[in-house]
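In: Okay, structure incoming, though there's no sequence with it:
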């Protein structure tokens, strides 16, 4: 059972517009959330994180929003740039498969069109 | 470059053979993680070391898999009697916990293909 869900496998956005990537989770014990970006043939790269005690964290063009009651978080990229084209993974710290671990969603492939 | 490195980057083997992968973490990081990623999925946690101690193992880690970090620096992941289902990208990550914040830094991965 997927505890971290990214229901959109792909997203296309025009350069300069806002990209919104969504993530839902089922485990209410998750206490820390992260977004990673992955280019082909590279490992995931940390982007931004948020603690469960906050509802917003901002870093430059990237903002993560957390709605604990809805078990939902989103990543906003404004303005989107062609270099943002990558696969974005949502991840959460908590217990899963018998251990305390970082659980990842399946990813959303973002394409920013020039 | 002082990032996480993994060797080899690609490995093709025949079913039933043993394979070993190496991970060199960022030098000041005391935590090291192994993940497996298959097509269309996110990385799945396999195991975790703090220094040389293996502290967590996922139920995904069958008894054909063994990981070591003998001196608390580099780590190896061995798969014995490989099966076609072991074909995946094997990712290593390292971190150094700072308070409640832990950011993992990933290597480029080792892509395994079992024929």
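Out: That came through fine. If you're wondering where the values come from, they're calculated on a predicted model, not measured in any experiment.
In: Chain A against chain B: which residues are in contact?
Out: Along chain A, the residues adjacent to chain B under the rule C-beta under 8 Å from any C-beta of the partner chain are A:4, A:9, A:32, A:34, A:36, A:41-46, A:49, A:51, A:89, A:91, A:93, A:96-107. C-betas here are computed from N, CA, C, even on glycine.
In: Buried among the residues you listed? Need that as a selection in ChimeraX.
Out: The buried subset of the residues of chain A next to chain B, as determined by 16 or more other C-beta atoms under 10 Å in any protein chain shown, is captured in ChimeraX by this line:
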select /A:4,32,34,36,43,44,46,49,89,91,93,96,97,99,101,102,103,104,105,106,107
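In: and residue B:53, bridged to which residues?
Out: For residue B:53, the beta-bridge partners under DSSP bridges are residue B:50.
In: Give me the number of neighbouring residues for it.
Out: Other residues within reach of residue B:53 by the criterion other C-beta atoms under 10 Å in any protein chain shown amount to 9.
In: Name every strand pairing with the longest strand along chain A and say which way it goes.
Out: Using DSSP state E to assign secondary structure, the strand with the most residues in chain A is strand A:86-96. When pairing is defined by DSSP bridges, strand A:86-96 lines up against strand A:32-38 (antiparallel), strand A:99-104 (antiparallel), strand A:108-113 (antiparallel).
In: Mind telling me which residue is nearest the centre of chain B?
Out: Nearest to the geometric centre of chain B sits residue B:34, at 3.0 Å (C-alpha atoms, centre = their mean).
In: hey, where'd the strands end up in chain B?
Out: Per DSSP E, chain B carries strands over the ranges B:5-7, B:10-13, B:19-24, B:31-37, B:44-50, B:53-57, B:65-68, B:75-79, B:88-95, B:105-106, B:110-114.
In: comparing those strands, which gets the lowest mean pLDDT score?
Out: When the strands of chain B are compared by mean pLDDT, strand B:53-57 comes last with a mean of 88.
In: Buried residues, it. List them.
Out: Burial within strand B:53-57, assessed by neighbour count using 16+ other C-beta under 10 Å, is assigned to B:56-57.
In: helices or strands next to it in the packing?
Out: strand A:99-104, strand B:44-50 (3 or more C-beta pairs under 8 Å, 6 or more residues apart in numbering or on different chains; DSSP states H and E).
In: picking up where we left off before, Serialize the strands paired with strand A:86-96 to CSV and add fields for mean pLDDT.
Out: Compiled in CSV, those are given as follows (pLDDT from 0 to 100):
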stretch, mean pLDDT
strand A:32-38, 95
strand A:99-104, 83
strand A:108-113, 97
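In: Residue B:22 contacts residue B:73, doesn't it?
Out: No - contact criterion C-beta atoms under 8 Å: residue B:22 and residue B:73 do not qualify, at 10.9 Å.
In: Need the strands of chain B in a markdown table (columns: distance to residue A:18).
Out: Formatted as a markdown table, the strands of chain B follow (distance: least, C-beta to C-beta, whole Å):
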| stretch | distance to residue A:18 |
| --- | --- |
| strand B:5-7 | 35 |
| strand B:10-13 | 37 |
| strand B:19-24 | 37 |
| strand B:31-37 | 28 |
| strand B:44-50 | 31 |
| strand B:53-57 | 38 |
| strand B:65-68 | 42 |
| strand B:75-79 | 40 |
| strand B:88-95 | 30 |
| strand B:105-106 | 27 |
| strand B:110-114 | 34 |
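In: Chain neighbours aside, what residue packs nearest to residue A:104?
Out: In space, residue A:104 comes closest to residue B:42 once its chain neighbours are excluded; the distance is 3.0 Å by C-beta to C-beta, 6 or more residues apart in numbering or on different chains.
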